[in-house]
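Participant: Predicted model, plus sequence, below.
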Amino acid sequence: MTHALEMKGISKYFRSTDVQANQDVDLNVNEGEVLALVGENGAGKTTLMNVLFGLIEPDEGEIFIDGKKVEINHPHDALANGIGMVHQHFKLVPSFTVAENIMLGIEPNKAGFTSHKEENAIVEELANKFNLPVDPTARIRDLPVGMQQRIEILKVLQREAKILILDEPTAVLTPQEVKELFVVVKDLASKGYSIVFITHKLIEVMNVADRVSVMRAGKMIGTKKISETDIPDLASMMVGREVILRVDKDKSKPGKPVFEAKDISVSDVNGLAAVSHVSFNVHAGEIVGIAGVSGNGQTELVEAVSGMKSLDGGKILLNGKDISKTSVRSRRDEGVAHIPEDRMGVGLNLETILDENLIVSRYNQSAFSRFNFMLSKEIRKFTNSIIKSFSIASAEAGEGISKLSGGNLQKIVVGRELSGDPSFIIANQPTRGLDVGSIEFVHKTLIEARDKGAGVLLVSVELDEIMSLADRILVLYRGEIQGELDAYSTTDEEVGILMAGGKVKEKSGKQEESVK
Amino acid sequence: MDGFLSVFTIELLNSGIRLATPVLLAALGGTICNKSGVLNMALEAKMLMGAFVGIVAAYYLNNSYLGLLAAMLAGGLMGSIFAFLYHRYNINLAILATSFNLLVLELTVYMMRVMFGNVGTWSDPSIERLPDIAIPVIKDIPFIGRIFSGYNIVVYASWAFVIVLYVVLYKTKFGRHIRAVGENIESAETVGINAKLIQSLALFLSGAFAGLGGAFLSIGHLKLFTRNMSNGRGWTGLSAALFGGNHPITTFFASIFFGYTEAFAVRVQNVTELSPQLVEVLPHLATLLILVLVAFRDKIRVSLARRKFRENLKKAVASQEEG
Amino acid sequence: MKNKKLRRIFDAFLVPVLAIISGLIVMAVMIRISGAPIIESYQVLLEKSFGCEKIGFNCPLISTLERATPIILTGLSATVAFQSGMFSIGQEGQFLMGSVMAAWLGYAIQLPFGLHQLVIIAASMAAGAAYGYIPGLLKVKLKVNELLSTIMLNLVAIQIFIYLLEYPLRADRTEVAHSHIIEPTAILPTFFRGAKFGWGFVIAILAVIGVYLYLWKTKSGYEMRMAGQASRFALFGGIPSDKAAIRAMIISGALSGLAGAVEVLGVHRRIMGGFATGIGFDGLTAAILGQRNPFGALIVAILFAGIKLGSQLGLQLKFGIPRELGGTITGFIVFFVAARKFYENNIERVREWFDKRRAAKLEEEVN
């Protein structure tokens, strides 16, 4: 039987980040089928779909539609071949109506003049055909997210797509909207459409898909029928037995709470809840790992804890003191260190020299400045000492840093943050995009800091990293703490299930603070 | 004060509309650019260039109407260069606009002196000032007739452009595409609309409008060219567009407002003892005030969303405690 | 290491130099249009700008340096603003405010020599600083675009200047308004007879050094530069960026105000109609071309003053070429710098071509 869509041997290497995003990947979807494409962040799902939709050119590989080979170099070609994509971030015009958005670019017109009546009629017919009721005259910006997504789906259906790619469609939906979406997807499948459903939420996979393909680290691990698998099986495929590094560490001896978050809530850029009623503690001498797939509130949580964004609700305490309303600088002065997830745009200033990067959080100290003047000799000495103690290769005091490798840049960040013996360290995706040696270095350094008595809040989407470093694990899902696990007695699969929105029997251990 | 009140005459109403015209044209240019997502900060340069090219062309071609056309083409050409550089080289728009403004300011005077001798202001009796058009029927209506009839063609053209721009932006396919590019460029690109082409077109048109506004000053109003004739009206036009929320109709009224500010300043000067500077500064202060108000309005909008979120949280906590 | 440093300086200079060369080529075209001979024009231009027979006698170089003085200061003003991430072009207005203050205090108060100048300079700097504070505050608190606000404030300042000149400060009923000549105790002394070159230039040089030290050697300067180069980094590190931005605008305004004081006290000794217009914009271009570096601004300011003077005294006088040539070429040069990507792309291409040839040659040698 020929597949409706087949991708064979797709490979793609990105020079800019030195990553093999896709390696010899095969994928196929049949007519009237829902295929779930799952994998963690960085597994390569998005790259694969961008290749399919003509946004990226693969280094190798071929694409077949109904058995015939096709060339896709641009979204035009994809659309012409009946492939439609519903992106994770909607591509709608907020001030336009539903009909105007759906008909954008293909507006029926007489000599250029548009006709709302005609468009609305077309859209109503379309909506009825697929049983996706919408109000053609409503404005996008007034509609809830679930409805906006429905319009994105109608958009591709109007353009006669037969193969629909839905990229993390439930990321922004309420549970009710998710249910409605599943009904729509199954209905479309029954009408003969082929649907590729990209997600990391395994529960949804079990509910809506016919088959599931799992990717990991750029490779296609395997494809199974839903009837032949279950969540733990999929979780283990996603997460894999390829344990890169498990650092040797002693069991932690936690002391007093260094950091306490009490019922904190933070809104995102749209005024919706990104972090919702979260409470947890970090004790001295322990590493608390916040696991979770990216986009579940980690960014806003870290921004609030570091002081870069203000809290909307709740309190945070540092060594017993309420720091909820204090500035970044005063938090740093009190002993907070922060390794940010974006080292090039936030953690460093690539336009200036190494010395100026290293003193950003301490130039006010009397060791480095007097009467408004910066003591360049002292700063130079400090810079050289950091270079030495953290073995930062090819970095020189007084020179720029923009040409250094990712690993060395992160060493600069880590060196700066961890020197000075902070009492509380926020490490947000500290090894993103790094090579094995640098990952090892960062992990070693964090463990050392913990053993010296610091409390570490490790936020990471890499489950390996969490399992390796953390003493306690909290899982963040949709802005809430989904569960808490003891790192020494839990398994990858358990954490994976929580990360995917499921529930496990919690082992209480000796933790005081638990989830709401 | 008798002298002061005599400012408010029919002449005031007339000159307000006339003085608003170049601002309106620049504002329309600003509107169309803003709608397509490009902040055009070189309207002043295009206006000044239009003023120069317009009157020079009118002189050499012995036809003021052709002068207007030449001014529009010159402005449009500048707009296209702007678009080309912006798309091809991703240049910092602020620096590019600043360089355009500086360049045109000096270049126009240089060319004037080279072509017509070492003068500070150039004019020529052979240039026909654009004739005032008396609209039949309307001109005879008392009071209303004097307000709406008797302007030159550029004024009426600017009103026509307001309507045309409104219709194009909101009733045609092309206008929809422009707005889509401006609001969310990806929404347009993913359906196959050529965003760069649209922005280039918008920049061309805005240059043409601004150029026409400049030509109005030189051919239609003062019948001469002098250094820095536009005197900030390009910037005022941009502010009017921002104040009007980039909608042709409200931008029209914002421009009229600025026109009246200037007309008022001129009249008060003639009629009272107040020094000319104190009133000539009014349009600029008005523009500044508008900028502040617009910024304030945007700030309120953003903080509103956050405040709502916090209030909802508080309500939720309160109801929890009760229940 | 020496090689790297040289390479860096070379790279920093390459684009501005190419832009200036392009500007000079455009100048040739413009001279042609005006009908004057090209080669002789360049000669005259060079003579009348940087030539010097004998100091105090026929030495345009001295005049160029003197003409450069206010441009250096407004250039520093723009440099400070740009380094802090504020694209302010308000130098013109701040300059006018400073000069008005100087013209007024120059004759309105009596103070001994030495003290008089110091007080006036301080007051002018304060006037400029206040005028720079306004757009700074608007940007930080309300996010008002500083390009637009400073342009409007410039226009307002021009009106204020004209008003004060024509009414309160007016000296007599001559056709072109001018203010009273300042007291002898307020004058900034000159060094040579026949030229206005004097303490003003020294102040400008001191300011260049001062701005350099402030921006690169002090905490405040560090904060301003980090906030301007990488705002998210500054937020992350705890740098008070808002305060830094406002401080930058205050200092920027003060420097332009100083330019106004120096121009009044050292050169004109009063203000009058047509007073030093365009100094602000020249400083702006000096800062852009000088790559936001105080020493770069110094060099460019002197270059521009030379071009202007040469056009005015040489080209205009000898060949009748309009003096706006200088300003136009300046505008073109800024335009070329703005289009730097054009140069950078082509430089890349040339470099690649060189590298390929070198690689091909190596291959040949190996085989």
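Facilitator: Thanks, I have it.

Participant: Secondary structure class of the residue in chain A positioned nearest to chain B, three-state.
Facilitator: In chain A, no residue comes nearer to chain B than A:G271, which is 3.3 Å away by CB to the nearest CB. For the C-beta atoms, the positions are set from N, CA and C on the backbone; glycine is no exception. Put simply, A:G271 is coil when judged by DSSP: H, G, I helix; E, B strand; the rest coil.

Participant: could you measure it against A:I264, distance?
Facilitator: 17 Å (CB to CB, to the nearest Å).

Participant: Also A:I231?
Facilitator: 30 Å.

Participant: How about A:A393?
Facilitator: 40 Å.

Participant: Comparing the two, which residue is more hemmed in?
Facilitator: A:I264 (23 against 11; other CB atoms under 10 Å in any protein chain shown).

Participant: Tell me the buried residues in the helix-or-strand element of chain A with minimal mean pLDDT?
Facilitator: Every helix and strand in chain A was compared by mean pLDDT, DSSP states H and E; the lowest is helix A:231-239, with a mean of 77. Neighbour counts over helix A:231-239 (16 or more other CB atoms under 10 Å in any protein chain shown) mark A:231, A:234-235, A:237-239 as buried.

Participant: before we move on, what about stretch B:59-67?
Facilitator: B:59, B:64, B:67.

Participant: Repeat that for stretch A:85-99.
Facilitator: A:85-87, A:90-93, A:96-99.

Participant: mean confidence for it?
Facilitator: For stretch A:85-99, the mean per-residue pLDDT is 89.

Participant: Can you tell me the SS state at the most centrally placed residue in chain A?
Facilitator: When CA atoms, centre = their mean is applied to chain A, the residue found nearest the centroid is A:S294 (2.4 Å). Of the three states, A:S294 takes coil under three-state DSSP.

Participant: what's around the nearest residue to C:Y107 once chain neighbours are set aside, how many residues?
Facilitator: Nearest residue to C:Y107, sequence neighbours excluded (CB to CB, 6 or more residues apart in numbering or on different chains): C:H180, at 4.3 Å. C:H180: 17 surrounding residues under other CB under 10 Å.

Participant: can you pull the contacts of C:H180?
Facilitator: Counting by CB atoms under 8 Å, 6 or more residues apart in numbering or on different chains, C:H180 touches C:103, C:106-107, C:169, C:171, C:270.

Participant: just B:R233 next, same as before
Facilitator: Applying CB under 8 Å, 6+ apart, the residues near B:R233 are B:22-23, B:26, B:44, B:47, B:213, B:217.

Participant: could you dump the residues you listed to CSV with secondary structure, pLDDT and distance to A:L164?
Facilitator: Converted to CSV, those look like this (DSSP: H, G, I helix; E, B strand; the rest coil; pLDDT from 0 to 100; distance: CB to CB, whole Å):
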residue, secondary structure, pLDDT, distance to A:L164
B:P22, helix, 94, 52
B:V23, helix, 94, 50
B:A26, helix, 95, 47
B:E44, helix, 93, 50
B:M47, helix, 95, 50
B:G213, helix, 95, 50
B:L217, helix, 92, 57
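
Participant: For the buried ones among those, write the corresponding PyMOL selection.
Facilitator: Restricted to buried positions by 16+ other CB under 10 Å, the PyMOL selection for the contacts of B:R233 reads:
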select buried, chain B and resi 22+23+26+44+47+213+217
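
Participant: Is it possible to get a markdown table of the contacts of B:R233 that adds distance to chain C?
Facilitator: Shown next, in a markdown table, are the contacts of B:R233 (distance: CB to the nearest CB, whole Å):
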| residue | distance to chain C |
| --- | --- |
| B:P22 | 16 |
| B:V23 | 14 |
| B:A26 | 14 |
| B:E44 | 9 |
| B:M47 | 14 |
| B:G213 | 17 |
| B:L217 | 16 |
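
Participant: Where does B:Y110 sit, in terms of helix or strand?
Facilitator: B:Y110 belongs to helix B:93-116 when assigned by DSSP states H and E.

Participant: A:F64: how many residues sit nearby?
Facilitator: 16.

Participant: Quick one: classify it as helix, strand or coil.
Facilitator: Assignment for A:F64 (three-state DSSP): strand.

Participant: Could you give the bridge partners of the residue lying closest to it once chain neighbours are set aside?
Facilitator: Closest residue in space to A:F64, ignoring its immediate chain neighbours: A:E6 at 4.3 Å, by CB to CB, 6+ apart. Beta bridges link A:E6 to A:N28, A:F64, judged by DSSP bridges.

Participant: so what's the nearest residue to B:F148 once chain neighbours are set aside scoring on pLDDT?
Facilitator: Using CB to CB, 6+ apart and skipping residues adjacent in sequence, the residue nearest B:F148 is B:I138, 5.6 Å away. B:I138 is assigned 73 on the pLDDT scale.

Participant: ok, B:I138 to A:A393 distance?
Facilitator: 82 Å.

Participant: who wins for neighbours among the contacts of C:H180?
Facilitator: That'd be C:A103 among the contacts of C:H180, by other CB under 10 Å, with 33 neighbours.

Participant: State the three-state secondary structure for the closest residue to B:I10 other than its chain neighbours.
Facilitator: Of all residues not flanking B:I10 in the chain, B:R146 sits nearest, at 5.3 Å (CB to CB, 6+ apart). Assigned with three-state DSSP, B:R146 falls in the helix class.

Participant: so where is the stretch 201-350 of chain C shaky, pLDDT-wise?
Facilitator: C:341 (pLDDT under 70).

Participant: Swap in 80 and give it another go.
Facilitator: The stretch 201-350 of chain C contains residues with pLDDT under 80 at C:273-278, C:314, C:316-318, C:320, C:338-349.

Participant: residues in it within reach of chain A, list them.
Facilitator: C:217-220, C:222, C:225-226, C:229-230, C:232-240 (CB under 8 Å from any CB of the partner chain).

Participant: okay, stretch C:151-162 in PDB with CA atoms only?
Facilitator: The C-alpha atoms that make up stretch C:151-162 are tabulated as PDB, following Å, rounded to 0.1, in the frame of the first residue of the first chain:
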ATOM      1  CA  ILE C 151      14.000  66.500  16.800                       C
ATOM      2  CA  MET C 152      10.900  68.200  18.100                       C
ATOM      3  CA  LEU C 153      12.900  69.700  21.000                       C
ATOM      4  CA  ASN C 154      15.500  71.000  18.600                       C
ATOM      5  CA  LEU C 155      12.800  72.800  16.700                       C
ATOM      6  CA  VAL C 156      11.500  74.200  19.900                       C
ATOM      7  CA  ALA C 157      14.900  75.300  21.000                       C
ATOM      8  CA  ILE C 158      15.500  77.100  17.800                       C
ATOM      9  CA  GLN C 159      12.300  79.200  18.400                       C
ATOM     10  CA  ILE C 160      13.400  79.900  22.000                       C
ATOM     11  CA  PHE C 161      16.800  81.000  20.800                       C
ATOM     12  CA  ILE C 162      15.300  83.300  18.200                       C
END
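
Participant: Can you tell me the number of residues neighbouring the residue in the stretch 101-250 of chain B positioned nearest to chain A?
Facilitator: Closest residue of the stretch 101-250 of chain B to chain A, CB to the nearest CB: B:V191 (3.7 Å). Per other CB under 10 Å, the neighbour tally for B:V191 reads 20.
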